[in-house]
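> Next come a sequence and a model predicted from it.
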Amino acid sequence: MAINLIHISDIHFGSGESHGSLNPQTGLNIRFEDFVEALRKAVQYAIDEKIDVFLFSGDAYKNASPEPIYQKMFAQELKRLSDAGIKTILVVGNHDQILRATGSHSMSVFQSLEVPGVIIIDKPMSIKLDTRNGAFQLVGLPHVNRNQLVTLEKYGNVSASQIDRVLVEHITEILSAFYGELDSSLPTVVTAHMTVDRALAGIEQELLVGYTQTFPTDIFVHRNIDYVALGHVHKHQQVRPSDPPIVYAGSLERVDFGEEREDKGFVHVKLARNNTSFEFKSINPRPFLTVELDVVAKEDPLAAICKKIAEAIIPGCVLRVRYKLSQEQATSIDENQIRKACQSALSVRLQPEVVPTASRARLPQLNESQAASPMVALETYLDEFAPERKETLIKLAGEIMNEVAAKFQGNE
């Protein structure tokens, strides 16, 4: 009999809230409520279908210091799983780790509380687990990166590229040792939070600060493995369809417009030795919609914009309206009228673009004096296109500019 397993990943409570507004009845951001509802749907499916194992492949929160409400909502769903007798496996992802030598992470609280049926993967491990439909073997890896090696004295003078190679070799050796101890008569799942070299990247690249290590897909290919449950990449995909299937569940909800065309949900796995099958289940996420048009040649650009919105809008969607216009038309555009046409959307972001000339900057609000300063120009751009990531990106840009300036000064 097959063991029923839910593979879910990258919940990211706290992300995407710039696209929402406050729910006056609950005091919570509506987009946060969307993320909570998505997790509830997955948990309810697990309960209704009498699932044996609920496997979460990392990144529960936006960062490793989640607000209490995020922890509360996540814990409520874990309790529902525990009460239903469903084994729950939580992998520590990069957003769950605290980059300090504390030995703790955002999942540590569940270890301390010893929630029945909850297993935390915060170090490489291989274990055997019993379920109502039989036993299986689990090999688990938390998110790993070069920071965990550079702190060791013997790697202090090793280059970054060499560290990356050593890290891949180290993980390969760990997995090979685990594989060698597997019982070939039992089904085996491997789970990890990482990027593999055959994966198609998603918006997680924009959520990262710094580098991300890429591992070869083949480290998960072994005759004793029946399913590989990966997290970290937000785009749901089958990296390898069989022998064994290597699957990214993808993020549970849309974070930004980079995921506009991606469905979101989880994977229902029917685990059996040499006969595993799986199916993606959508949670029907809130739609993200981009309305895009060029009104440069329109006699009445405002009417054209409003008409296009009326034709395309989906009630309750997260809406982005991008339109090109001439400098002469800019004064005739009443943004309040555009927003009125968008009132059935949850939120709207207007992105006008004045058609550039040789003497004018691309963004209409970027005047000549601002364009003279790279940092001011970058701030203006981020205000328009990535306000939720502005603080992080400005800090990184400043560090890069300081590093470049120091190199130039050193060469003089």
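Received it, and whenever you're ready, just let me know what you need.

> residue ranges for the strands of the stretch 301-412 of the chain, please.
Counting by DSSP state E, counting those that start in this stretch, the stretch 301-412 of the chain has strands at residues 318-325, 347-354.

> So what touches stretch 321-335?
The contact list for stretch 321-335, computed with Cβ atoms under 8 Å, 6 or more residues apart in numbering, reads 290-296, 301-302, 305, 309, 338, 342, 348-355, 357, 360, 364. All C-beta atoms are positioned from the backbone trio N, CA, C, and that covers glycine.

> Please list the members of those residues that lie in helices.
Assigned to helices by DSSP state H, the following of the contacts of stretch 321-335 qualify: Pro301, Leu302, Ile305, Ile309, Ile338.

> coming back round to it: which among the contacts of stretch 321-335 end up buried?
Taking 16 or more other Cβ atoms under 10 Å as the criterion, what is buried in the contacts of stretch 321-335 is 290-291, 293, 295, 301-302, 305, 309, 338, 342, 348-350, 352, 354.

> Of all pairs in the residues you listed, which one is the farthest apart?
Cys342 and Val354 (20.6 Å; Cβ to Cβ).

> So which residues of the stretch 101-250 of the chain form strands?
Counting by DSSP E, counting those that start in this stretch, the strands of the stretch 101-250 of the chain are 118-121, 125-131, 134-141, 188-193, 195-196, 214-215, 227-231, 237-240, 246-248.

> so of these, which one's packed in deepest?
strand 227-231 (a mean of 28; mean count of other Cβ atoms under 10 Å).

> Just checking the distance from that one to the centre of its chain.
15 Å (Cα atoms, centre = their mean, to the nearest Å).

> Spatially nearest residue to Asp96 (excluding sequence neighbours)?
Ser106 (4.5 Å; Cβ to Cβ, 6 or more residues apart in numbering).

> Neighbours of that neighbour, how many?
Look at Ser106: counted by other Cβ atoms under 10 Å, it has 25 neighbours.

> what separates it from His234, distance-wise?
Distance, Ser106 to His234, using Cβ to Cβ, to the nearest Å: 19 Å.

> Same question for Asp10.
Distance from Asp10 to His234, by Cβ to Cβ: 6 Å.

> Neighbours of Thr276, how many?
22.

> Sorry, wrong one. I was asking about Pro244.
21.

> Which residues lie in contact with it in this structure?
Counting by Cβ under 8 Å, 6+ apart, Pro244 has contacts Val190, Phe220, Val221, His222, Ile225, Asp226, Tyr227, Val228, Thr276.

> In CSV, list these along with pLDDT and distance to Gln97.
CSV is the format used below for the contacts of Pro244 (pLDDT from 0 to 100; distance: Cβ to Cβ, whole Å):
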residue, pLDDT, distance to Gln97
Val190, 98, 20
Phe220, 97, 22
Val221, 97, 27
His222, 97, 27
Ile225, 98, 25
Asp226, 98, 28
Tyr227, 98, 25
Val228, 98, 21
Thr276, 98, 30
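
> now Phe178, nearest residue through space, not along the chain?
That would be Ser126: by Cβ to Cβ, 6+ apart, it lies 4.2 Å from Phe178.

> how near is the one you found to Glu114?
Distance from Ser126 to Glu114, by Cβ to Cβ: 21 Å.

> on that earlier part again, present the strands of the stretch 301-412 of the chain as a markdown table; the columns should include distance to Leu28 and mean pLDDT.
Formatted as a markdown table, the strands of the stretch 301-412 of the chain follow (distance: least, Cβ to Cβ, whole Å; pLDDT from 0 to 100):
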| stretch | distance to Leu28 | mean pLDDT |
| --- | --- | --- |
| strand 318-325 | 16 | 97 |
| strand 347-354 | 15 | 95 |
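
> Out of these, which is closest to Leu81?
Relative to Leu81, the nearest member of these by Cβ to Cβ is strand 318-325, separated by 29.1 Å.

> In its sheet, which strands sit next to that closest one, and in what direction?
Paired strands of strand 318-325, with direction, are strand 288-294 (parallel), strand 347-354 (parallel) (DSSP bridges).

> Using JSON lines, please lay out those together with distance to Ser15.
Below are the strands paired with strand 318-325 laid out as JSON lines (distance: least, Cβ to Cβ, whole Å):
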{"stretch": "strand 288-294", "distance to Ser15": "13"}
{"stretch": "strand 347-354", "distance to Ser15": "15"}
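
> which one of these lies closest to Met73?
Closest among those, once you apply Cβ to Cβ, is strand 347-354, at 21.0 Å.

> Quick one: distance of that closest one to the chain centre.
For strand 347-354, the distance to the chain centre is 24 Å (Cα atoms, centre = their mean).
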